[in-house]
Structure formats: structure tokens, C-alpha cells
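> pasting the structure only:
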């Protein structure tokens, strides 16, 4: 069964657009960059320094926690910010709108910004209004204009967000040089998203040649400033690049700090380490706790990985029903592997009622998103006529596709189909592709059929 559910469970992606979730046949995390802070509700909008009065301290403290803890801080501070806004403290209104965006109340946030602030004149309000245009209005040109206005007005995160727009070609022609300049300006002003994004650009060869040393330096700088994403990105870069010569426990420490700063991917990475005994002693209970923390914070891959522990009984009693629940949660949140694993349980009738049609739908969705394992599982349904009319040729083509994508289970199914004499059901061209692949896999009796 393990091979159906995959020996490794992915993580999406990112950290920052991230990322989240390396997909999807091996556990791992795709480093993503904090440029998505603007697009995924994670950008800080720290106000300029002001007098040390209680209102200024309220605003500053609220922003600092929004900066590092996101929605957690929003629920903590929103009531106090709203009351301060009602007392006509303009900066508090802008921060209140920002908190409301984190809480998902975009309409009220927009009303507060338009009635209580003046984004055309206030750089901080401009940055927050730009997030509305980017996330909800999809008015990228207006978002970029406001981000750049905020940047020129001294709101460093406006520089980061404008840089992200240039790097991702939202509302403007892609321009990495402009993105780099804006990120560097933000980073030099002490804004950690800019530092993190510079790290991403260096680590991925977007500033000249790939430079993991510079990438690590900027990730570390952002991590030290309180960016959970940057800490997780640093851990991934250290883990995946032996040339960086990480110190003992440095990878684990980076993930722990990221997780502690509510970066769900950092929690998921720690779960992977303890599940697989990578640099730490194998400890399924710790893996379960970290995966649960990631899942609780909305990390689809964390839910998927936690479901896998329950489906396999790794450190917990086998509980297919709980596994199915967690896979469904992960699938709903965008994990193709979770959709595949839920489809397998539906096919087997484990933890859920046996439902071939639902399994078919789930496999089709994940296969369409290029998850090779799901394509192989979809082939099983076609071969056996489960939830769909039997079509052996289509089944073998799906096995072949999965195998060509590097999925071992797809290759095993292709070999099995060959052993059962089913390749002949394919058309001549597809059969030749299958025989060539089988020959490469060491099936010598297929080599003689290659033309």
C-alpha cells in the first residue's frame, strides 16, 4: 500500500510563492520567495517612526506582531485598533484595515481605507490599499502605482511589494533588475521581505549566476529580523547545498525558528526530518506534532503528511478514517498528493465508503496537475473498469506516462501490463514507446519488439 500513497510526501511550496507546495511524489518543500507577501496577505506595512505616545506604541506593536504572526496578531489587535480608529487616529485606521485583511474581511477593510484614510496622500494606507487591488480587485497596474508611491514615501514594504510585481510581471513587463533594486532598498531599510526576496533571487540565479552563499546570507539576515519564511528558506538551502557546509543542527535550528514564527512550512519540514530521521533521530511522535502544527496553520502538505502517518500507523494506531479526513482537508487546500491519497482510500473503501467514481474524479484532478502517481492510479481504474468504462489501452498509456515522469509505481504497472500481454492492445506507435521504455527498464523480452 505504501507505494500507492508514495514513499515521500511533498510540500508545496514555498516559501513565498512561495511554494509552497515540491510536487508531489517525494516529501520535500519547494523554496518559494516572500515576493508573494503581497499576494498572500503576508506583507508588513510598518508605519514611519513617530512620537513615543500610547497611540503610536499601539500601532507599532500591532504592526510588529502582524509582521511576524499574521492572522494570529490580527485577531489579537483588531478590537483595539478599531476603537483607536473610531477615535480618529488615522494611522490606527490603516492598521485596522490591514488586520481586517488578514482576517479575511476585505470589504470592511476597503471601506475603512476609503472613509478613514487617504491612500492618495498617506504612503502607509497606499500600501494597504494596493494589497486590496492586487488580491481582490486584480487591478495590478493600480496596485503597482500605489506600492511605488508607498516606497517613495518611506514605507519599505511598499518597495518589496513593488519589486514582487516587477519580478512576477503583474501589471508590468517582467524586470528582474528593477525588482532587485527595490528589494535591496527595502532590505537596506531593515524590511525583511526585501532581504528574503534578494536571497531567493541569488539562490535561484535571478541576479547573475546562481549564488547560494549570497542567498543564504540574505535569508539569514531576514530570518534574524523575524521572517519565518526566510528561516525556513535558509534551512532548505542549507540542507540541499552541501557546499554551504552547515554546522551541526543548523538546518534543524532554522526550521525550528521558522516554525516558531508561525511559518507552517517550517513546521512541515521539521516533521519530515523526524519522520525520516534526517539529521535527527527518527521520532514519529515529534513528526506527528510538527505535521499537526503545520496542518493547523493551513499547510495542505502538513495535513497530507499527517494523514499518511495515520494511514500507515507510523507512531500512531492505524486510523484510515482520520487519514481520509486529513487527506480531504489537504485536498481542499490544494495538495494534489492529498487528492490522490484520498482517491486511493475511496478506491479501497478504507476510512470512507468505497466509491470508484469519486476516486476517478480525484485521480483525474491530480493527474491533470501533473502528479504522476495519480496518473498511474487512474490507469488502474481504466484497466479494471472501476468507475469508468474499461479501456486497457488508455490504462497502459497512463502507466507509461507516469513511468516516463519517473514514477516507480507507474513503471511497475507498465511491467505488469507487459507480463500480462496487454501491450498489444495499444496502437502501434504507443506500443513502440512502451516497448522502448520497458527495454530501458531492463525488460529484455521487450527489447526484441522495438523497431
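Sure, I can see it. For clarity, every value in this text was computed on a predicted model and none was experimentally measured. Numbers count the residues shown, from 1 in each chain.

> wasn't residue 376 part of a strand?
No - going by DSSP: H, G, I helix; E, B strand; the rest coil, the assignment for residue 376 is helix, not a strand.

> relative to residue 343, how far out is it?
Separation of residue 376 from residue 343 (Cβ to Cβ, to the nearest Å): 12 Å. Where you see a C-beta, it was placed from the backbone N, CA and C, and this is true even at glycine.

> tell me where the model's unsure across the protein.
Within the chain, the ranges that satisfy pLDDT under 70 run 1-54.

> and if we set it to 50?
Along the chain, the parts satisfying pLDDT under 50 run over 1-52.

> the stretch 51-200 of the chain: helices as residue ranges?
Assigned by DSSP state H, counting those that start in this stretch, the stretch 51-200 of the chain shows helices spanning 54-69, 71-86, 90-102, 106-116, 123-132, 140-152, 156-168, 176-188, 192-203.

> what is the last one packed up against?
To tie it back to what came earlier, the one meant is helix 192-203. Applying 3 or more Cβ pairs under 8 Å, 6 or more residues apart in numbering; DSSP states H and E, we find helix 192-203 packed against helix 156-168, helix 176-188, helix 212-224, helix 228-240.

> out of these, which is closest to residue 291?
When the helices and strands packed on helix 192-203 are compared by Cβ to Cβ, helix 228-240 sits nearest residue 291, at 14.8 Å.

> and the contacts of the helix or strand just after the closest one?
Sequence order places helix 250-260 as the next helix or strand after helix 228-240, per DSSP states H and E. Taking contacts as Cβ atoms under 8 Å, 6 or more residues apart in numbering, the residues outside helix 250-260 that touch it are 223, 228-232, 234-235, 238-239, 265-267, 269-270, 273, 279-280, 290, 293-294.

> before we move on, back to that, can I get the helices of the stretch 51-200 of the chain in a markdown table with mean neighbour count and distance to residue 418?
Shown next, in a markdown table, are these (neighbours: other Cβ atoms under 10 Å; distance: least, Cβ to Cβ, whole Å):
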| stretch | mean neighbour count | distance to residue 418 |
| --- | --- | --- |
| helix 54-69 | 18 | 55 |
| helix 71-86 | 18 | 52 |
| helix 90-102 | 26 | 55 |
| helix 106-116 | 17 | 55 |
| helix 123-132 | 28 | 55 |
| helix 140-152 | 21 | 51 |
| helix 156-168 | 28 | 45 |
| helix 176-188 | 20 | 48 |
| helix 192-203 | 30 | 43 |
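
> how about those in a markdown table, adding distance to residue 401?
Listed next are the helices of the stretch 51-200 of the chain as a markdown table, based on distance: least, Cβ to Cβ, whole Å:
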| stretch | distance to residue 401 |
| --- | --- |
| helix 54-69 | 43 |
| helix 71-86 | 40 |
| helix 90-102 | 41 |
| helix 106-116 | 41 |
| helix 123-132 | 40 |
| helix 140-152 | 36 |
| helix 156-168 | 30 |
| helix 176-188 | 34 |
| helix 192-203 | 32 |
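
> residue 233 and residue 203: what is the separation?
For residue 233 relative to residue 203 (Cβ to Cβ), the value is 8 Å.

> likewise residue 288?
Taken as Cβ to Cβ, the span from residue 288 to residue 203 is 31 Å.

> what of residue 116?
From residue 116 to residue 203 the distance is 41 Å (Cβ to Cβ).

> ok, and the closest non-adjacent residue to residue 123?
residue 153 (2.7 Å; Cβ to Cβ, 6 or more residues apart in numbering).

> I should have written residue 383 there, sorry.
Closest to residue 383 by Cβ to Cβ, 6+ apart is residue 395, at 3.7 Å.

> tell me if I'm right that the one you found and residue 380 touch.
Yes - look at residue 395 against residue 380 with Cβ atoms under 8 Å: they come within range, at 7.2 Å.

> who has more neighbours, the two?
Between residue 395 and residue 380, counted using other Cβ atoms under 10 Å, residue 395 has the larger neighbour count: 26 against 19.

> so which residues make contact with the helix or strand where the more buried one lies?
If you go by DSSP H and E, residue 395 is part of helix 392-404. With contacts defined as Cβ under 8 Å, 6+ apart, helix 392-404 is touched by 367, 372-373, 375-376, 378-383, 409-411, 413-414, 417, 422-423, 425-427, 430, 433-434, 437, 441.

> list buried residues within those residues.
367, 372-373, 375-376, 378-383, 409-411, 413-414, 417, 422-423, 426, 430, 434, 437 (16 or more other Cβ atoms under 10 Å).

> so which of the residues you listed sit within helices?
Among the buried ones among the contacts of helix 392-404, the members falling in helices (DSSP state H) are 367, 372-373, 375-376, 378-383, 409-411, 413-414, 417, 430, 434, 437.

> quick one on the thing from earlier: got a quick PyMOL command for the buried subset of the contacts of helix 250-260?
Command for PyMOL that selects the buried part of these, burial taken from 16+ other Cβ under 10 Å:
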select buried, resi 223+228+229+230+231+232+234+235+238+239+265+266+267+269+270+273+280+290+293+294
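
> for the residue lying farthest from the centre of the chain, give its distance to residue 432.
Centroid-distance maximum for the chain: residue 448 at 45.4 Å, with Cα atoms, centre = their mean. Distance of residue 448 to residue 432, given as Cβ to Cβ: 13 Å.

> with residue 334 instead?
Taking Cβ to Cβ, one finds residue 334 at 37 Å from residue 432.

> from residue 346, how far out is the closest residue to residue 398 other than its chain neighbours?
With Cβ to Cβ, 6+ apart as the criterion, residue 398 has its nearest non-adjacent residue at 3.4 Å, and that residue is residue 379. The gap separating residue 379 from residue 346 is 16 Å, by Cβ to Cβ.

> wait, the residue nearest to residue 123 sits on residue 121?
No - with contact defined as Cβ under 8 Å, residue 153 does not count as touching residue 121 (9.1 Å).

> looking at those two, which is more packed in?
The neighbour count for residue 153 versus residue 121, taken as other Cβ under 10 Å, is higher for residue 153 (15 against 10).

> against residue 345, how distant is the more buried one?
Relative to residue 345, residue 153 is positioned 53 Å away (Cβ to Cβ).

> residue contacts, residue 378?
360, 363-364, 367, 398.

> out of those residues, flag the one nearest to residue 181.
residue 367 (41.8 Å).

> would you mind measuring from that closest one to residue 378?
5 Å.
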